[in-house]
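K.L.:
Give me a 3D structure for the following:
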Amino acid sequence: MNIHSAVIEATNVLKDKSQGNVAKELKINPFFVKDYSQAAQIYNVRRCTKIIAFLREYDLKSKGLDRGQSSEYDLMRELVFKITHC
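P.N.:
Next up is the predicted model:
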């Protein structure tokens with residue numbers, strides 16, 4: 001189970017949703033519970049999957065596969081644009 005799904009499950013299933021209890025159940029430092037919860041709301045599983053696919057695609061392009069005439073700078077700009085607009 002990844003941290004994303006664990007945080008969502010914990011916040012949906014646990015009766016005691018306090019930071020301390022969520023941290024205890026997930027076995028993580030309580031300091032990070034709020035950040036993980038916010039990130040889990042912003043970056044849902046579908047969006048994370050798309051971002052990972054973009055990273056894989058641009059990793060291959062940076063290594064010369066289906067790169068065309070794009071420079072490394074152009075590839076990075078495209079990747080950042082896709083990630084921020086998906």
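K.L.:
Under the pLDDT cut-off, which ranges of the chain? List them.
P.N.:
Along the chain, the model assigns pLDDT under 70 to residues 1-5, 8-12.
K.L.:
Quick one: distance of the longest helix seen in it to the chain centre.
P.N.:
Ranked by residue count, the top helix of the chain under DSSP state H comes out as helix 45-62. Counting by CA atoms, centre = their mean, to the nearest Å, helix 45-62 is centred 11 Å from the centre of its parent chain.
K.L.:
What is the burial count for the nearest residue to residue 36 once chain neighbours are set aside?
P.N.:
Of all residues not flanking residue 36 in the chain, residue 7 sits nearest, at 4.7 Å (CB to CB, 6 or more residues apart in numbering). In this view, the C-beta of every residue, glycine as well, is placed from N, C-alpha and C. When neighbours are counted by other CB atoms under 10 Å, residue 7 registers 22.
K.L.:
Repeat that for residue 51.
P.N.:
Neighbour tally, residue 51, other CB under 10 Å: 16.
K.L.:
Please report how far the closest residue to it other than its chain neighbours lies from residue 70.
P.N.:
Counting by CB to CB, 6+ apart, the nearest residue to residue 51 once its immediate chain neighbours are dropped is residue 83, at 5.5 Å. Using CB to CB, to the nearest Å, we find residue 83 at a distance of 17 Å from residue 70.
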